[in-house]
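Q: With the sequence up front, the predicted model follows.
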Amino acid sequence: MTPEDLASKIEKQNFEFYLNQMMAKVPDDIDKRQGSIIYDALAPAAMVMAQQSLKLSNIVKETYIKTADNEFLDYRAVEHGTARQMATSAQVKADFLDSKGNPINNVEIGDRFASLGDNPIFYRVTKINDDLTGILEAEEVGTRPNGYLGQILPVTPNDILSWAEIIEVSIPAKDNETDEHLRNRLLSTDSWIAYGGNIADYLDMLSKISAVGSAQVYPVWNGGGTVKLVILDNDLMPASDVLLKQVKEEIDPTDSESLGYGLAPIDHKVTVVAPEPVTVNISTNIEVDSQFDINALKPKILDAIEDYFKLRRIAWGQINRTTGRGYALTIYRSQILAAIMKVDGVVNASIPILNEKDDDIKLTFDNDLSELPVVGEVSLNG
């Protein structure tokens, strides 16, 4: 019997169950009808026992990782030496210009700015770069700031500033880890022990850096003691230069390479890079139901294709489960077609052409090159 079955069985022990059990013990020559003395005496007890059944059912569910949720799942995670990944703050890059369009040098660390709109996002300057651009951190956690680029207004007074603008989301934020994602992490089978700078050890290091969304590890890629880390941000896109530098400094600081001052073992020389984006242009012929407008369906089809590519980027960081080593990823035309056909209103579609070829795209993963698929131009002919 599974925990779900046991919990369901206990839940069925409701008010009627307990009342009938007790009434069965009462002699038949006594009035058992609703409103009778014996009914009114036993009904409250049956109600209390039914409530206890619900509580007991919840206890059973919260005891096991597969059925626990919320704070109870957090307790299960602690027992396994991990914890729920909490939401982070986005880091962005911004220009600060005077009335002539020249960078100004009087923006200081700690100055505050706000985005436009009815519900502005507030930022605080954390670093001023050599080119007088600034790195700002959102004061709120979560993914909302990931979608904002454009003008920001000074909250801290600045008489010289004429224009401020976010030009790049350098390190996207992430939301709190969901129950399902945490549950999958806890239940995932992993026979590799993180120890002494092996692949599992580096993946464990990177999993604890909140700005890293996924990673590949290439050991001995350039000789003994060398390790290459290829990383994505929380949007599962190539890491920015800002993020690459932060990860490098945490794993193996540049000014003390191989000396063990970072997370990397002594004598390991770590290189941190982003993957090479591979733009995939897609062309297909679609047929839609006469009740639908093809132009109205196109955004939904584009979203479906993007969702497929996001799933592929999730798989990008997974080691080959068959061999236990190496990475492999293919963009399949049949799977793109399947994603398109799931859109309500699409009745038929041709097998997509990728980058003007009738072939699937197999990405390259070796010591010199790690590729990442991104959606390019999508032509929907119908």
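A: Ah, there it is.
Q: Does residue 371 have any beta-bridge partners, and if so which?
A: Note on residue 371: beta-bridge partners by DSSP bridges are residue 276.
Q: 715 is where my numbering starts, stick with that
A: Okay, using 715 as the starting number, the last item reads as residue 1085.
Q: Verify the stated contact: it with residue 990.
A: Yes: counting by CB atoms under 8 Å, residue 1085 touches residue 990, with 5.2 Å between them. Every residue, glycine included, has its C-beta placed from N, CA and C.
Q: the more surrounded of the two?
A: Shown here are residue 1085 and residue 990; by other CB atoms under 10 Å, residue 1085 has more neighbours (19 against 13).
Q: contacting residues around that one?
A: The contact partners of residue 1085, by CB atoms under 8 Å, 6 or more residues apart in numbering, come to 989, 990, 991, 992, 1043, 1077, 1078, 1079.
Q: Residue 766: which of these is nearest?
A: Residue 766 has its nearest neighbour among the contacts of residue 1085 in residue 1043, at 51.9 Å by CB to CB.
Q: So what touches stretch 1057-1075?
A: So stretch 1057-1075 is in contact with 992, 994-1003, 1005-1006, 1011, 1014-1015, 1018, 1044-1048, 1050-1051, 1054-1055, 1087, 1090, going by CB under 8 Å, 6+ apart.
Q: returning to that earlier point: out of the contacts of residue 1085, flag the one nearest to residue 867.
A: Residue 867 lies nearest to residue 991 out of those, by CB to CB, at 33.0 Å.
Q: residues touching the closest one, list them.
A: Residue 991 neighbours (CB under 8 Å, 6+ apart): 951, 952, 1085, 1086, 1087, 1088.
Q: Next one: it from residue 1073, what distance?
A: Between residue 991 and residue 1073 the distance is 19 Å, computed by CB to CB, to the nearest Å.
Q: likewise residue 1013?
A: Counting by CB to CB, the gap from residue 1013 to residue 1073 is 27 Å.
Q: Okay, domains of this structure per the record?
A: Per the record, the chain has its domains at 717-777, 805-885, 903-987, 991-1095, by automatic domain parsing.
Q: In the protein, where is pLDDT below threshold?
A: Scanning the chain for pLDDT under 70 picks out the ranges 903-907, 969-974, 1034-1039.
Q: And the helices in it, which stretches?
A: Taking DSSP state H, the helices of the chain run over residues 717-725, 729-737, 751-777, 784-793, 893-901, 913-921, 955-965, 1008-1029, 1047-1055.
Q: and the last one, what other elements does it pack with?
A: Where contact means 3 or more CB pairs under 8 Å, 6 or more residues apart in numbering; DSSP states H and E, helix 1047-1055 is packed against strand 990-1002, helix 1008-1029, strand 1060-1063, strand 1067-1068.
Q: Enumerate the positions of the longest one that are buried.
A: Applying a neighbour-count criterion of 16 or more other CB atoms under 10 Å, the buried positions in helix 1008-1029 are 1008, 1011, 1012, 1014, 1015, 1016, 1018, 1019, 1022, 1023, 1026, 1027.
Q: Kindly report the same for stretch 990-1004.
A: Buried residues in stretch 990-1004, counted by 16+ other CB under 10 Å: 992, 994, 996, 998, 1000, 1002.
Q: Next, format these as CSV and append distance to residue 976.
A: Formatted as CSV, these follow (distance: CB to CB, whole Å):
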residue, distance to residue 976
992, 31
994, 36
996, 41
998, 47
1000, 51
1002, 55
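Q: Not counting sequence-adjacent ones, nearest residue to residue 989?
A: Distances taken as CB to CB, 6 or more residues apart in numbering place residue 1086 nearest to residue 989, at 4.0 Å, with adjacent residues excluded.
Q: Would you format the helices of the chain as a markdown table with distance to residue 822 included?
A: Formatted as a markdown table, these follow (distance: least, CB to CB, whole Å):
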| stretch | distance to residue 822 |
| --- | --- |
| helix 717-725 | 56 |
| helix 729-737 | 67 |
| helix 751-777 | 49 |
| helix 784-793 | 39 |
| helix 893-901 | 39 |
| helix 913-921 | 33 |
| helix 955-965 | 19 |
| helix 1008-1029 | 38 |
| helix 1047-1055 | 48 |
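Q: and of those, who's closest to residue 941?
A: The closest of these to residue 941 is helix 913-921. By CB to CB, the value is 6.5 Å.
Q: of all the contacts of residue 1085, which two lie farthest apart?
A: Using CB to CB, the two most remote members of the contacts of residue 1085 are 991 and 1079, lying 14.1 Å apart.
Q: picking that back up, tell me which of the domains of the chain approaches residue 797 most closely.
A: Closest approach to residue 797 among the domains of the chain is made by domain 903-987 (9.9 Å; CB to CB).
Q: starting at the chain centroid, how far to the closest one?
A: Centroid separation for domain 903-987 versus its chain: 19 Å, with CA atoms, centre = their mean, to the nearest Å.
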